[in-house]
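>>> quick one, fold the following:
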Amino acid sequence: MAQWDILIRGGTLYDGSGRPGENADLAIAGGHIAALGPALPGAAARVIDAAGLAVTPGFIDIKTHSDFTLPINPKAESKVRQGVTTEIIGHCGFSVAPVLPGKTQLLADYLSGGAPWLPFREVSFPDYLDTFPAVAVNAGMLVGHNTLRLMAMGLEDRAPTVAELDQMCALLDEGLAAGALGLSTGLFTPPGSFAEPAEIMALCAVVARHKAAYFTHIRDESNRVLEAIEEAIAVARAYPIHVEIVHLKCSGIDNWGKAAQILDRIEQARAEGCDIDCDAYPYAAGANPLKNLLPPWVQIGGNEAMLARLALPETRARIEAEIADHGLNNWGRIPSWEAVQISISPKLPQLAGETVGALAMARGCDPIDLVCDMLIEDNGATRVLITTISEDDIRTIVRSPKALVGSDGNCVADYGTVSQGLPHPRFYGTFPRIISHYVGELGALPLELAVHKMTGATARALKLADRGLLRDRYRADIAIFDPADFKDLATYADPHRYPTGKRTTVIINGTLVVEDAHHTGALPGQVLRRARDGSVG
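Numbering: from 1, shown residues only. Just a heads-up that it's a prediction; the model follows:
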């Protein structure tokens, strides 16, 4: 009778701690790591020959929006083929729960630029966790501040009343009590941008009471990025909670070169006793709903009010003047409108891949008119790629032991509904890009540090109780790949491409999900919940 369920023989184990790899075997039984060591004895139901391969903890994608796609793409193809075994979802203030009675369409319209195909429903956060469908990856959920604000007060540019703030706190309390990992904010776009710091502090008092965490898309990643970093640090100073600054960047040509200064400031805050981290993706372009590039006041009152406002000549003149003055909201100054490319347009799919500059020239109109017209035609749902980040800053962040790795990408696939449009290549390539390009081609960091930034360091930040390291009795979330044949192929022009790696194998909770680069169809992922002590299991 087999002693082990799976025995991985002869691989180089990078255990996630940052230590160099060691040649050893790894045995799995009952969904857990059962033994590690050279030449393990005993029989196994399945033996995997890992000679010449790296064996690592499964990659933890700390920053994703896969809550928008997992229910309609449960196999999580684009992520598991990168070695991702766990995703943290509900970021940037955009969670798909809670949804109060009568508010379903409000949230659907609001999230249409990111989740155009997701069916929304009235649901409490506890029910959302309890009814999450079977999927391939583990998923930890966050409660989104923008969603809370929409439920309590809509898209209003004002401070909440006492009753409205109490309602937001109560909804957050309910989600955290059910096991949500924390609160997320997106302070760059309405309605999050309408919130003063005092509102966030009040919500973070609830987070602290639950020993949960705070994840923030900071208020400005461009011209006021340093001030926005200080706002995040202030939360970490005020409360004994973990603060995660997500997809760290210095956006816009006026802000290139600030990455080192920001990393030093985060390290200083840590030295002062703050529990704070950051993460980033290794690409020069970001992605967002097109409407979020415009000044925040454009969205006041919701989708219908925004579309009516965008039809007015005086609105367009004001938008043009404000962008000329300080650049795009949260993105800063771009060289030209050629830097903005249509990614996904549900009603105008033929425009995917075109730039705003080229479309405006073809139509013989001003780019601002093109943007406003397209939002009206597409009911506000257009999504774009915006190239605004310096490669030098990317390398500074990738090299740094202080910065984790997060894709900011949905799990999609090269077939079905989620294959539409031209999404950001980070959806398919973030983790292999770090390994093939920045470790292999540039030598910017050693493989063991790259693995640590994707596994053990991330697990520590998330307080994962038994994931992120190759340790006895830890959950068997494991990635097996050839570092010399694990290259991202996804590009901006052709993003729906899985990475290379004929021998890539991914195990989640002891179940083979990817075997020699082929998805097995297994859906062994678990909903991760935070315990009362703050640990996540």
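>>> any idea how many residues pack against A457?
Using other Cβ atoms under 10 Å as the criterion, A457 is surrounded by 25 other residues. (Each C-beta comes from the backbone N, C-alpha and C, glycine too.)
>>> now V298, nearest residue through space, not along the chain?
Nearest non-adjacent residue to V298, counting by Cβ to Cβ, 6 or more residues apart in numbering: M306, 5.8 Å away.
>>> could you say which helix or strand holds the one you found?
Assigned by DSSP states H and E, M306 belongs to helix 303-310.
>>> residues making contact with that helix?
For helix 303-310, the surrounding residues in contact (Cβ atoms under 8 Å, 6 or more residues apart in numbering) are 109-110, 112, 155, 291, 298-300, 315-316, 372, 375-376, 379-380.
>>> same check on stretch 9-23?
Outside stretch 9-23, the residues that touch it by Cβ under 8 Å, 6+ apart are 24-26, 36, 38, 40, 47-51, 53-57, 401, 446-449, 451-452, 455-457, 459, 468-471, 480.
>>> can you list the buried residues in the helix holding M306?
Judged by neighbour count using 16 or more other Cβ atoms under 10 Å, the buried positions of helix 303-310 are N303, M306, L307, R309, L310.
>>> hmm, L359 and D366 touching each other?
No. Between D366 and L359 there is no contact, the gap being 11.4 Å when judged by Cβ atoms under 8 Å.
>>> so for the two, which sits in the more crowded spot?
Comparing D366 with L359 by neighbour count (other Cβ under 10 Å), the higher total belongs to L359, at 21 against 13.
>>> how near is the more buried one to A403?
To A403, L359 is 35 Å away according to Cβ to Cβ, to the nearest Å.
>>> got it, and A228?
The gap separating A228 from A403 is 16 Å, by Cβ to Cβ.
>>> now do A305
Using Cβ to Cβ, A305 is found at 39 Å from A403.
>>> and if you look at C92?
From C92 across to A403, the span is 18 Å (Cβ to Cβ).
>>> okay, these two: which has more neighbours?
The residue with more neighbours, out of C92 and A403 and counting by other Cβ under 10 Å, is C92; that gives 27 against 22.
>>> next up, the contacts around the more buried one.
Per Cβ under 8 Å, 6+ apart, neighbours of C92: H65, G144, N146, S184, T185, G186, H217, V246.
>>> by mean pLDDT, flag the weakest helix or strand of this protein.
Ranked by mean pLDDT, DSSP states H and E, the helix or strand of the chain with the weakest confidence is strand 285-289, at a mean of 92.
>>> what comes into contact with it?
Residues from elsewhere that reach strand 285-289 (Cβ under 8 Å, 6+ apart): 112-114, 189, 247, 249, 251, 330-331, 341, 343, 380-389, 408, 423-424, 426, 492.
>>> where does pLDDT dip in the protein?
By pLDDT under 70, the low-scoring segments of the chain are 1.
>>> select the longest strand from it.
Ranked by residue count, the top strand of the chain under DSSP state E comes out as strand 4-13.
>>> just the buried members of the contacts of stretch 9-23?
Burial of the contacts of stretch 9-23 was assessed by neighbour count (16+ other Cβ under 10 Å); the buried members are 24-26, 36, 40, 48, 50, 53-57, 447-449, 451-452, 455-457, 459, 468-471, 480.
>>> ok so, going back, list the strands paired with the least confident helix or strand of the chain, with their directions.
Using DSSP bridges, the strands paired with strand 285-289 in its sheet are strand 383-387 (antiparallel).
>>> need the next SSE after the partner strand, C-terminal direction.
Next along the chain after strand 383-387, taking DSSP H and E as the criterion, comes helix 391-399.
>>> who touches the helix or strand following that next one?
Taking DSSP H and E as the definition, the helix or strand that follows helix 391-399 towards the C-terminus is strand 403-405. Residues lying outside strand 403-405 but in contact with it, judged by Cβ under 8 Å, 6+ apart, are 59, 61-62, 248, 263, 277-282, 397, 430-431, 434, 450, 453-454, 457-458, 461.
>>> out of those, list just those in strands.
Judged by DSSP E, the subset of the contacts of strand 403-405 located in strands is F59, D61, D277, C278, D279, A280.
>>> skip the chain neighbours and tell me the closest residue to E196.
A159 (6.2 Å).
>>> and stretch 318-325, C-alpha only, in CSV?
Taking Å, rounded to 0.1, in the frame of the first residue of the first chain, the C-alpha atoms of stretch 318-325 are listed here in CSV:
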residue,chain,number,x,y,z
ARG,A,318,-13.4,71.3,-18.2
ILE,A,319,-12.0,67.7,-18.4
GLU,A,320,-9.5,68.9,-21.1
ALA,A,321,-8.3,71.8,-19.0
GLU,A,322,-7.8,69.7,-15.9
ILE,A,323,-5.9,67.0,-17.7
ALA,A,324,-3.7,69.6,-19.4
ASP,A,325,-3.0,71.1,-16.0
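>>> and it, how far out from the chain's middle?
Using Cα atoms, centre = their mean, to the nearest Å, the distance from the centre of stretch 318-325 to the centre of the chain it belongs to is 30 Å.
>>> kindly report the same for stretch 520-532.
Its chain's C-alpha centre lies 17 Å from the corresponding centre of stretch 520-532 when counted by Cα atoms, centre = their mean.
>>> check which residues of that stretch are buried.
By neighbour count, and taking 16+ other Cβ under 10 Å as the criterion, the buried residues in stretch 520-532 are T520, A522, L523, P524, G525, Q526, V527, L528, R530.
>>> of these, closest to S419?
L523 (19.3 Å; Cβ to Cβ).
>>> hey, what's T511 bridged with?
Beta-bridge pairing for T511 (DSSP bridges): I508.
>>> what residues does the helix ranked longest in the chain touch?
In the chain, with assignment by DSSP state H, the single longest helix is helix 162-177. Outside of helix 162-177, the residues that reach it under the criterion Cβ under 8 Å, 6+ apart are 97-98, 124-126, 141, 143, 145, 148-149, 151-153, 160, 182-183, 199, 202-203, 206-207, 209-210, 212, 530.
>>> of the residues you listed, which belong to helices?
Of the positions in those, 125-126, 145, 148-149, 151-153, 199, 202-203, 206-207, 209 sit in helices, assigned by DSSP H.
>>> farthest-apart pair in these, please.
Checking the ones in helices among the contacts of helix 162-177 against each other with Cβ to Cβ, the farthest-apart pair comes out as P126 and E199, at 23.8 Å.
>>> so between those two, which is more surrounded?
More neighbours sit around E199 than around the other of P126 and E199, counting by other Cβ under 10 Å; the figures are 19 against 16.
>>> pretty sure the more buried one sits against M153.
No. When contacts are counted by Cβ under 8 Å, E199 is not listed as touching M153 (10.8 Å).
>>> what touches both of those two?
P160.
>>> quick one: the helices in the stretch 251-400 of the chain?
Remark: helices of the stretch 251-400 of the chain, listed N- to C-terminal, are 259-271, 303-310, 313-326, 356-363, 367-377, 391-399; assignment by DSSP state H, counting those that start in this stretch.
>>> and the angle from the third one to helix 303-310?
Taking axes from the mean of the first three to the mean of the last three Cα atoms, to 10 degrees, one finds helix 313-326 and helix 303-310 inclined to each other by 90 degrees.
>>> what do you get for the fifth one?
Angular relation of helix 367-377 and helix 303-310 on a 0 to 180 degree scale: 150 degrees, by the same axes, to 10 degrees.
>>> next one: helix 367-377 to chain centre, how far?
Using Cα atoms, centre = their mean, the distance from the centre of helix 367-377 to the centre of the chain it belongs to is 28 Å.
>>> from here on, count from 10
Sure, I'll start numbering at 10, so the last one becomes helix 376-386.
>>> please name every helix or strand in contact with the helix or strand hosting A243.
Assigned by DSSP H and E, A243 falls within helix 234-247. Helix 234-247 is packed against helix 206-218, strand 222-226, strand 251-254, helix 268-280, strand 285-289, with contacts defined by 3 or more Cβ pairs under 8 Å, 6 or more residues apart in numbering; DSSP states H and E.
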